[in-house]
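A.B. asks: Sequence first, predicted coordinates after that:
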Amino acid sequence: MHNRRRKATAGEAVPAIREKARRVTELLKKLSKCRAEGATGDDAALQLTQRLIEINPDFAFVWNFRREIIRTLLKQGPESDVTEDEGGGTGGLLCDELSLLEGALSQSPKAYCLWFHRWWTLLMQGVGRDLGRELDLCTKLLTVDERNFHCWNHRQLIVAMRKHAGNTTTPGHDANGQQEDTATRWLDDDLGFTCDMIERNFSNYSAWHLRALTRTQLSCRPGQHTTTGATTSCQQELQWIKQGVYTEPSDQSLWLYHCWLLHQAGRPPLRLVGAVVESRSEPDKGDCRQSVLLFFSAACSIDATRSRVDIHQPEGDVHARTSGAFSPLDADAASQRRNSRIPRQQRPLQPSSDAWRFDLDDGVSVPGRATVILHLRFTAHGGSLPSFYQACFLPTLGIGGDTTPPAAHEPALEVTYQCDVPGNPHRGSVLHLSVKDSCRAAYCIGGGGSSVRDEMQPSDGALLEQELAAVDELLQIEPNCYYAVLAKCWLLESLRPRDPLLLANYKRLQTLDPLRRGFYQDCWSNALVRMKVLEQVERATEGPLEAIDLSSLGLTCLGEQQLLPAHGIKRIDVSNNSIRTLVGLRWLTSLEEVVADPGVQKLPKLRGSSSCR
Amino acid sequence: MASEGFIDTLSTLESWHFACEGDQSPRFLALVRRRNLSRMLLDEGEREFDVCVVGTGLIECLIAASLSRCGLKVLHLDGRDYYGGNWSSLNYKQLKLWSQGREQPEPPTDQQLQADGQTAPPPGEEWVPLDDVGSDSGVTSSCFVDRFMATEPFLLDESEPASAASASASGGGGGGGGGCETTEERLVRQSNQFCVDVCPRLLYCRSDLVDILLRSGVSRYLEFKGMEGLFTWSDGDWFRLPFSRSDIFQSSALSLIEKRLLMKFLTSLTAAQSSAAFHTPKALQGRDLPTASTAAAAAASDTDNEAEDSGDGGDESGVLDGTWFEYMGSHQLTDRLQSLMTYGVCMGEERHPQWTARQGVDRVERIIRSLGIYAAGSPFLYPMYGTAELPQAFTRVCALHRGLYMLRCRPTHIIARQGDNEKNRLVGLRLDNGQTIQASRLISSPDYIPPPQTTPAPSPIPSVLHLIALTDRALLADPSPRERPSEARTRPSPVPSDTETTASETNGGGKVGVGAGAVLEDGMTNPVQLLQVDHTTGCCPRGLFLTHLCQRAPTTLPDAAAASAAECTRVDGASPAFDELVRVLQRLLEARGGAQSCRVVVGYRQYVRRDSLDCLPDPATDAQSASEPPAEGPTSDVWGSLDGLVRQRDVIVCPDPPTQPSFPMQWEPQMAAKVVWSCLRDHIREHGPIEMDAPVQPDGEPSPPLPPYTEGMLMSACTSVVDILQPVISQLEQQAREEQHQEQGGSDEAAEHNEQGGAACDNQTDGPGK
């Protein structure tokens, strides 16, 4: 429970506690003796652990031992398999385990080991498990404490499990429609559940999060929603948030959901933010080699063997599949940096990066006007995808490994992007491809059932303009609500990224919410860099842009995405700023000279020579 | 003799206490254990008492229980055959009699009067008669006047005046009917399922009275039901007042801007409240609310991390100088919100009340303080089986502490004897069964004390109009629920398993067990406050709803005498003053779709008679002063000598129920505390510290005696009954703790002080080890 004082141990309770401790020690001694003797398949040992658990369920060691015992017992009695004899035998053993856990959970609903053990038991149970019971349990526990994140997690796992169960239990085409219905009904139930929780107390991050996930899944179901339907439901949702926002403007959970709804819902978690065709003249071979550089919103791993690039020429249906090789733009640095937080044994074999290079083979070139279609296949283990993405796709893919086709054994995501090669402007050795609305790209999940998700499109301009007006309205009565100011900034970033109002608002946020001053300063820097870069790129009409001057602007950081339009420049001046690192310049592959303040962390590798002043 | 008394007791029980048929609850046992002696003659040795309390209203019962608990010997009388006095809850038959002013039983015959054999005062004594006033007509001796009752068919339409049958004249005739049971017959048959409050009261969850109930253990005799909603009537439908953040979030009737303004207003109040509470814990006990200046001072003395609060406090103190409406205006509350706050939340008594900002804020804060304590989301509690359960519960406490109860018994004469300093002192009472008892103090409801003839009543008398409606349909119900922003498709929702859903429940809107509301429309003089209870409170049979409508009588109303003489209008027996209430009732009935569903209407007017609290010392100021009130020589006429006794506090006239058109209990505990404090002080001064003997435990085992109650202990007490009883209660609680301690085998560590019954006791920091 939150905000409740723990009761001090009363004097008369002390002997009882001592007695309890004595009993626990005794039992623990017996148990370790059992284990040392290797009596793991013993019913008596199981009883022993149960007695301990009944005294205090928060013993990770005991649960571990219990898992060992159960595993042995399950191995010992293969004749009473789950499939052969449901209800009795090992099935009964696992059912008893669930009941025991329910008792323990009511005693200490926030012990990690309990939830883990329950998850393990359900996995052991396999197909015959009763997921409805789990959901009921979660509802019950969340009614008691609506902020028990263990319980929310468990519910999330159950939902993923349920999805898988729905996929496997009823094969056949006729059952498929029915199956879709059940799945949709489940999702509806989830939505209703979040609604209940939110109405009780809307400051509930977990409930909003579940709602976001559920809505994403609902929108993934083919044929369930038309675009207009999704827009109206989005409008409804916005109206609902508004009720809360006007009740309590300083509640972050509402604004997070608001932000998600406007900027992330229906959008792919991984976006292609830019693509560039770079020509390099290699002096030793004498001719020009081209490569396509791809820049993503997050680090990812491209499965080089199964991805390809197609070039369509507008005249005729010339359809060239291009051969070449994918490699991370800056493989060593990228994988080192991105994976440093992942334990060594879990580090992917695939390199992971947010910028990839596709080197075209000799003699192949991108023509003056063409459409480049990228068929990319990402491996899921690659890098640090946003958690949202992980939660959305990975569990569903990971659990059902045995039923999906062998080709898709490894969780993967296939995306098709379309880039247009403009006829003009040709800036030096660099061709900027215009990425056609990468968020409308079709997604194919796994190898099995593909589903297209481009329905939910709240990020169209009219809706954003409407929300901007609504936020402005709120700001009139609550001028100091910094969440609203921030929401306004996000909206402006989407709608009018070069509006000077953006800079003013980021400055204002620094005074309104001083605890996040650095964050707002970085946002301000990024916005300013974007404006300056675009301004200078536009000014250079006659020839290729060679240099960008960003000196003496008070910048604190440099963003890769903001600098991307200037790709192709050879020189950049970022001196006389408060920049701490030049990592933001790493996408500018043609850079030869950097003017920076002394003491700034250098780029690991520059093609040319960098000079510091 | 004893057997006669026991039978009498049982008949009393039968006539009153069994609200539900076949009830074998612990209440029955508690009543039998109580020494309820009605018209029973007392033995010689049993006739000496310290205090005689007459009337079993809430204030009287609170006084009796407190005094007996502090060790005084109390005789408690009531002329009626049920408890509750002017706070009583009546069954249907009693209600009918009451509406005709016949709630007092027949006076005893002369033969019974001879029991004591004494008909004239002995020399040196003076018998001041009490029963010559008001015994013939109960109405004039009551604070409820202009009573009337009209039964079905209760048609307010003027086109059918002939069908308005009167039950009051025939006393049970009722409307004509064929073979089937008429409504009247049905109601009479179900009479015992009714507990109709004459003076309904809601309890603030955090208040003196709840504190008393918990600390004195009275709460174990009682059950409560949380009030389920507070409403205001606007635009032809009820609006549920939001009492939490999620209420405001979910409310569909409030606009976005209103939500923001309301939240800002309420949070500014709660912020001030919590910071004030932080500095002065006493403020949480329901009185001594910090004034604007102290709140500001407290806020200003805040530390740096609460700099914003102090800014608010300083800001607030400036604004709090104005009126309530100015204050709300300074928070930009819209007109609608202002009326919601004034009539709904603050339960304003009159149109556009002239409160200061402080008064209004106090009212809101009182509600806010009471939120989230017992009933989820509701600031009020309603006692199950009616308001009269409260005084009854206190009578049980009194009886457990040697209090003696006699119903259907009233004093006829006060016996006064000339004392040392030529003053008449009260020495005893003569009861209507002819017995004489000795008591040095009389505390009485004004029902039993003749009003002063000398001083004219102030005019106009502030009064409140009551209308009780018994209807088939709920007048108060939740507006239809808002659609939820879920994308759920239309699925058949599970049908409620309750097969006995009444028409009103299926009529749309959620049902409300206990709900209060306020109605103020254009053309009305004062707002009408409304309280509805249904069968879940045990106050009426299933399928019926009891609704109390109260309104402060407009100042233009003629006084009691003129009103009673006024010509009756459409509703039989009702004075024109009730027209507005009747119209409101009619409008609500029509809006709820059941113009014909009203079965019975009872109306009356309540006013406050003279009490003698003015003669009592004010504990807050007089605590240290030893000044006696100016004693006046005995005069010859009846009131004169009575007046003398009243002035020297030998006779204390308790106040009537406060005439408040809203229902929350506000003043009663403070009034009782004043009487208790004064009585204890006088008693200690006259007889020395009160020896408190072992209180009789419910299980019959005697507990060790308590230290005597001294004047010093009393002087440290403040103005609440809890404070006065503090020495007693804390002793008992300590004992209970020690017993518990011993039962568990003892321990080397001293027990920390436990919280008992959910009531945090701040004052009680001394552990038993010290």
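C.D. replies: Nice, I can see it.
A.B. asks: Hmm, residue A:581 is touching residue A:599, no?
C.D. replies: No: at 10.7 Å, residue A:581 does not count as touching residue A:599 under the criterion of C-beta atoms under 8 Å. C-beta: built from backbone N, CA, C; applies to glycine.
A.B. asks: which one of the two has more residues nearby?
C.D. replies: A direct count of neighbours by other C-beta atoms under 10 Å in any protein chain shown for residue A:581 and residue A:599 places residue A:581 higher, at 13 against 7.
A.B. asks: all strands of the stretch 251-400 of chain B, in order?
C.D. replies: Applying DSSP state E, counting those that start in this stretch to the stretch 251-400 of chain B gives strands spanning B:380-383.
A.B. asks: Can you give me the pLDDT of residue 244?
C.D. replies: Unless you meant another one, I'm taking chain A. Residue A:244 is assigned a predicted lDDT (pLDDT) of 91.
A.B. asks: that's the other chain; I wanted chain B
C.D. replies: 81.
A.B. asks: do the same with residue B:139
C.D. replies: pLDDT for residue B:139: 36.
A.B. asks: cool, the one 3 residues further on as well?
C.D. replies: Residue B:142 is assigned 77 on the pLDDT scale.
A.B. asks: which residues does it contact?
C.D. replies: When contacts are counted by C-beta atoms under 8 Å, 6 or more residues apart in numbering or on different chains, residue B:142 touches B:86, B:101, B:103, B:447.
A.B. asks: which of those are close to chain A?
C.D. replies: Filtering these for proximity to chain A by C-beta under 8 Å from any C-beta of the partner chain leaves nothing.
A.B. asks: Compare the residues you listed and tell me which has the most neighbours.
C.D. replies: With neighbours taken as other C-beta under 10 Å, the top of the contacts of residue B:142 is residue B:447, carrying 26 neighbours.
A.B. asks: Would you indicate which residues of the lengthiest helix in chain A are buried?
C.D. replies: Secondary structure of chain A read by DSSP state H shows that its longest helix is helix A:173-200. Neighbour-count burial for helix A:173-200 flags A:179, A:183-184, A:186-188, A:190-200 (criterion: 16 or more other C-beta atoms under 10 Å in any protein chain shown).
A.B. asks: residue of the stretch 1-150 of chain B with the smallest distance to chain A?
C.D. replies: For the stretch 1-150 of chain B, the nearest residue to chain A under the criterion C-beta to the nearest C-beta is residue B:69, separated by 28.3 Å.
A.B. asks: so that residue makes contact with residue B:399?
C.D. replies: No: contact criterion C-beta under 8 Å: residue B:69 and residue B:399 do not qualify, at 11.1 Å.
A.B. asks: before we move on, the earlier item: the longest helix of chain A near chain B at all?
C.D. replies: Yes: using C-beta under 8 Å from any C-beta, helix A:173-200 reaches chain B at A:188, A:191-192, A:195, A:199-200.
A.B. asks: got those residues as a markdown table, with distance to residue A:44 and pLDDT columns?
C.D. replies: Output for the residues of helix A:173-200 next to chain B, formatted as a markdown table (distance: C-beta to C-beta, whole Å; pLDDT from 0 to 100):
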| residue | distance to residue A:44 | pLDDT |
| --- | --- | --- |
| A:188 | 48 | 82 |
| A:191 | 48 | 86 |
| A:192 | 46 | 87 |
| A:195 | 49 | 89 |
| A:199 | 50 | 87 |
| A:200 | 46 | 86 |
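A.B. asks: Nearest to residue A:35 among the residues you listed?
C.D. replies: The nearest member of these to residue A:35, counting by C-beta to C-beta, is residue A:200 at 45.0 Å.
A.B. asks: Distance of that closest one relative to residue B:69?
C.D. replies: Separation of residue A:200 from residue B:69 (C-beta to C-beta, to the nearest Å): 43 Å.
A.B. asks: repeat for residue B:416
C.D. replies: 28 Å.
A.B. asks: Tell me how many other residues crowd the closest residue to residue B:540 other than its chain neighbours.
C.D. replies: Leaving aside its chain neighbours, residue B:540 sits nearest to residue B:546 (4.8 Å; criterion: C-beta to C-beta, 6 or more residues apart in numbering or on different chains). Neighbourhood size, residue B:546 [other C-beta under 10 Å]: 23.
A.B. asks: tell me the mean pLDDT for the longest strand along chain A?
C.D. replies: Scanning chain A for the longest strand, with DSSP state E as the assignment, gives strand A:288-302. If you average the pLDDT over strand A:288-302, you get 79.
A.B. asks: residue contacts, residue A:361?
C.D. replies: Per C-beta under 8 Å, 6+ apart, neighbours of residue A:361: A:322-324.
A.B. asks: Sitting in strands, which of the residues you listed do you find?
C.D. replies: Among the contacts of residue A:361, DSSP E puts A:322, A:324 in strands.
A.B. asks: Just the buried ones out of the contacts of residue A:361, please.
C.D. replies: A:322, A:324.
A.B. asks: Out of the contacts of residue A:361, which is nearest to chain B?
C.D. replies: residue A:322 (43.7 Å).
A.B. asks: Can you give me the neighbour number for residue 45?
C.D. replies: This is for chain A. 23.
A.B. asks: ah, no, chain B please
C.D. replies: 6.
A.B. asks: can I assume it sits in a helix?
C.D. replies: Yes: remark: residue B:45 belongs to a helix, assigned using DSSP: H, G, I helix; E, B strand; the rest coil.
A.B. asks: any idea how far it lies from residue B:440?
C.D. replies: Distance of residue B:45 to residue B:440, computed by C-beta to C-beta: 17 Å.
A.B. asks: Not counting sequence-adjacent ones, nearest residue to residue A:46?
C.D. replies: In this structure, residue A:46 finds its nearest non-sequential neighbour in residue A:69, 5.2 Å apart by C-beta to C-beta, 6+ apart.
A.B. asks: Would you mind pulling up the elements that whichever helix or strand the one you found is part of packs against?
C.D. replies: Element membership for residue A:69, per DSSP states H and E: helix A:60-76. Contacts defined by 3 or more C-beta pairs under 8 Å, 6 or more residues apart in numbering or on different chains; DSSP states H and E place helix A:60-76 against helix A:14-36, helix A:43-55, helix A:89-107, helix A:112-125.
A.B. asks: With mean pLDDT added, can I get the ones you listed in a markdown table?
C.D. replies: Below are those laid out as a markdown table (pLDDT from 0 to 100):
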| stretch | mean pLDDT |
| --- | --- |
| helix A:14-36 | 85 |
| helix A:43-55 | 83 |
| helix A:89-107 | 81 |
| helix A:112-125 | 87 |
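A.B. asks: So for residue A:554, which of those sits nearest?
C.D. replies: Nearest to residue A:554, of all the helices and strands packed on helix A:60-76, is helix A:112-125, at 46.0 Å by C-beta to C-beta.
A.B. asks: Beyond the closest one, next helix or strand please.
C.D. replies: Scanning forward in sequence from helix A:112-125 by DSSP H and E, the next helix or strand is helix A:131-144.
A.B. asks: Dump the contacts of residue A:361 to a markdown table, plus pLDDT.
C.D. replies: Listed next are the contacts of residue A:361 as a markdown table, based on pLDDT from 0 to 100:
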| residue | pLDDT |
| --- | --- |
| A:322 | 73 |
| A:323 | 72 |
| A:324 | 74 |
